[in-house]
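K.L.:
How does the following fold in three dimensions:
(chains A and B)
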Amino acid sequence: MNGVNWIRRNPLLWLGVALIAAAILLSSVLRVPETEQALVLRFQQPSFILNAYDPREDYAETGAGLGFKIPFVDRVVWVHKRVLNLDLTRQSILSADQQSLEVDAVARYRIVNPVRMHAIAGDENRVGELLRPILAEALREQFHKQAFNVLVSPERDALMNSVGAMLARSAVKYGVQIIDVRLTRADLPQGPSLDSAFDRMRNAREQMAVSVINDGNAQSKLIRDNAAVAAAKTYSDSFGRDPAFYDFYRAMQSYELTFGTSDNQRRGATTILLSPDNDYLREFMGRKPGQ
Amino acid sequence: MRDEVPGTVLNEGGPWGGSGGSDGEDRKKRGQARPGAAGPSALDALLRRGRARFGGGGDGDGFEVPRLGGLWRWVLLALVVLWIGLTSTHTIGAHERGVVTRFGKYIATLDPGTRWTLPAPIDTVTKVDVDKTEYLDIAAGGDGQSGENLILTRDQNLINLAYSVRWSRRDAEQYMFELQNPEETIREVAESVMRDVVARQTFDQVMTGQKQIQQEVAERAQDLLDSYHAGVLIQGVTIKTAKAPDAVASAVSDVVVARQKVQASIQAAQNYASQITVKAQREAAQFDGFYIQYKAAPEVTRRRLYYETMERVLAKSDKVIVEPRNVVPYMVPPPAAPAATQEPAK
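P.N.:
All right, here's what the predicted structure looks like:
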């Protein structure tokens, strides 16, 4: 009862005490999400890690949730737990045969040792800044060993693996695990090499246009020739059965055509002189007996 | 029912806060009106009486403060109940999953329906849409290269590719907890895999084999993302445009024009071929027809054909029959000239 009265009498004091108590409570309790690792520093020295990354454990098994620390003595450094991307854009790289290539690369990494990361890099954002030049250097070194043809061919998978391995070796001391390194772009740089690629493509296509025309002409000639041969065969199969009759038959057709009896020709276009001895007039003259 | 337990606990704190505030006001009054020492206990008694009645007073004007305290209690209670009600029930849509974290720690994944959790500061529910298809366009001009997404092919040609990736979230927990930036990762994986696949094929193969490329890119991107435990499903990759760079466009159209010309000339050749084939077959069939008749009766058919033809020939011709020995016309039909003069008379 007395205590209550005392509080009533000195509400401001009470309020102050309550605030201090709340502050102590709040600064001793940590809410660690699944996506973060909490590195707790005691007197600026790494003391322990809450929710440290462990490849063997699933989420909810690595200690996320409420955590406790000594207020005002311990300080928390938050470290990403998820996989991070490290982008490297527009790197000019020379191949062994001095051709240049512009590449974009991305490394995926995870901070697996927050203590080491903190000791060397200070904070997580600096890790990326420190790794970027190492990645660029690794790319440059590995690519410079290879001919240009290899760089733009599927064999560069092996190359990327060795770049990844190189980066991984350096990254260990930052407490970082490299998951992979991949190229998102590998382009010819603007200028002579791009222009010469365009020229090559253009020439190839111009040649192609020419050869397309040539092939096409040859093909249509072949079609015509084949048809002519087939027609000739049809004729000879049919007419060859009796050359003498064909001769007669064809002569009849020919007379009809040449002496202008087709319907579109004017009557009287041809004058024919006939000898009475003509075979056609044989009956006209009257058949002589015995003939 | 369980959820009301923290409510009642909090409710006890409510009146304390309320009476604390009113106490402050009382002190002011006291200071002005009565600086005596007996005041506090009397007021205290009054306060307690007021609280016992839950502020339901028509006792007069002097008891406004306790009544207010009672009202606050109800308001606070209502607020707390409302807060608990609002933050502990979750409606998870048919296409959603709710990922529950308790003070940050993953607890469970909620299936569609109305679900209960502990109230807000304790449990947090993040809804993840696992059904919605997201589109990621990878096309012209991310940077430089005259607005083209140029990719090197195996024969060191360049191809301008624009494509899109359809994806959805397959596993809500993985999606939330594994990658810092899933969308960015999907883009990078797709670009990287597309370049790799295209680098294995010649320009012409890419132009003609787009279906296989789409499928291969989707499969390999899925494999990679699975290896990252991204919790992402690649539904498909669609190549929207695949063409030669603009710089060689005119040469490409030359080829197209050449192809069209060739197509036209082949068409013409085929027409010609079918014409002469039909003609040959028709003529052969005609000949065969006559030949059958001829075979049946050679001499008669021969003469018949001869006369029929001569009829047609001579019927339309002017005829002169001459005796070869004295070269005198035996019969003179009207010559061509009179025939011409007759014509206007018609």
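K.L.:
how about the longest helix seen in chain A against chain B, any contact?
P.N.:
Longest helix of chain A, by residue count under DSSP state H: helix A:192-239. Yes: using Cβ under 8 Å from any Cβ of the partner chain, helix A:192-239 reaches chain B at A:197-198, A:200-206, A:208-210, A:212-213, A:215-217, A:219-221, A:223-224, A:226-228, A:230-232, A:234-235, A:237-239. All C-beta spots, glycine's among them, are computed from the backbone N, C-alpha and C.
K.L.:
out of everything not next to it in sequence, what's closest to residue B:178?
P.N.:
residue B:229 (4.6 Å; Cβ to Cβ, 6 or more residues apart in numbering or on different chains).
K.L.:
phi, psi of residue A:45?
P.N.:
The phi and psi values for residue A:45, taken as degrees, to the nearest 10, are phi -110, psi 140.
K.L.:
oh, I was asking about residue B:117
P.N.:
With angles defined as degrees, to the nearest 10, residue B:117 sits at phi -140, psi -180.
K.L.:
do you know how far it is from chain A?
P.N.:
The gap separating residue B:117 from chain A is 14 Å, by Cβ to the nearest Cβ, to the nearest Å.
K.L.:
quick one: that residue and residue B:123 touch, right?
P.N.:
Yes: between residue B:117 and residue B:123 there is a contact at 4.0 Å, judged by Cβ atoms under 8 Å.
K.L.:
Next up, the contacts around the closest residue to chain A within the stretch 101-250 of chain B.
P.N.:
Nearest to chain A in the stretch 101-250 of chain B, going by Cβ to the nearest Cβ, is residue B:105, at a distance of 3.1 Å. With contact set as Cβ atoms under 8 Å, 6 or more residues apart in numbering or on different chains, residue B:105 has these partners: A:32, A:34, A:60, A:64-66.
K.L.:
how far away is residue B:91 from chain A?
P.N.:
23 Å.
K.L.:
ok, for residue A:157, nearest residue in space, not its chain neighbours?
P.N.:
Closest to residue A:157 by Cβ to Cβ, 6+ apart is residue B:196, at 7.5 Å.
K.L.:
how about whichever strand or helix holds that neighbour: buried residues?
P.N.:
Under the criterion of DSSP states H and E, residue B:196 resides in helix B:182-199. Buried residues in helix B:182-199, counting neighbours by 16 or more other Cβ atoms under 10 Å in any protein chain shown, are found at B:182, B:185-199.
K.L.:
which residue ranges form the strands in chain B?
P.N.:
B:89-92, B:96-102, B:105-110, B:113-116, B:123-129, B:134-138, B:150-152, B:158-169, B:232-243, B:318-322, B:329-331 (DSSP state E).
K.L.:
How about the stretch 101-250 of chain A: which residue is closest to chain B?
P.N.:
residue A:216 (2.7 Å).
K.L.:
List just the nearest of the buried residues of helix B:182-199 to residue B:175.
P.N.:
For the buried residues of helix B:182-199, the residue nearest residue B:175 by Cβ to Cβ is residue B:182; the value is 6.0 Å.
K.L.:
Pull up the gap between that closest one and residue B:176, please.
P.N.:
Taking Cβ to Cβ, to the nearest Å as the measure, residue B:182 falls 9 Å from residue B:176.
K.L.:
go on, residue B:98?
P.N.:
Taking Cβ to Cβ, one finds residue B:98 at 11 Å from residue B:176.
K.L.:
Residue B:258 now?
P.N.:
Remark: distance between residue B:258 and residue B:176 (Cβ to Cβ) = 56 Å.
K.L.:
for residue A:55, same thing?
P.N.:
Counting by Cβ to Cβ, the gap from residue A:55 to residue B:176 is 18 Å.
K.L.:
More neighbours: which of those two?
P.N.:
Applying other Cβ atoms under 10 Å in any protein chain shown to residue A:55 and residue B:176 shows that residue B:176 carries more neighbours, namely 23 against 7.
K.L.:
interface residues of the stretch 1-150 of chain A facing chain B?
P.N.:
Residues of the stretch 1-150 of chain A lying near chain B (Cβ under 8 Å from any Cβ): A:5, A:8-9, A:11, A:14, A:31-36, A:51, A:59-60, A:64-66, A:80-85, A:87, A:89-90, A:106, A:108.
K.L.:
Give me the neighbour count for residue A:85.
P.N.:
16.
K.L.:
Make sure it is actually in contact with residue B:186.
P.N.:
No: proximity of residue A:85 to residue B:186 does not meet the contact threshold set by Cβ under 8 Å, at 11.1 Å.
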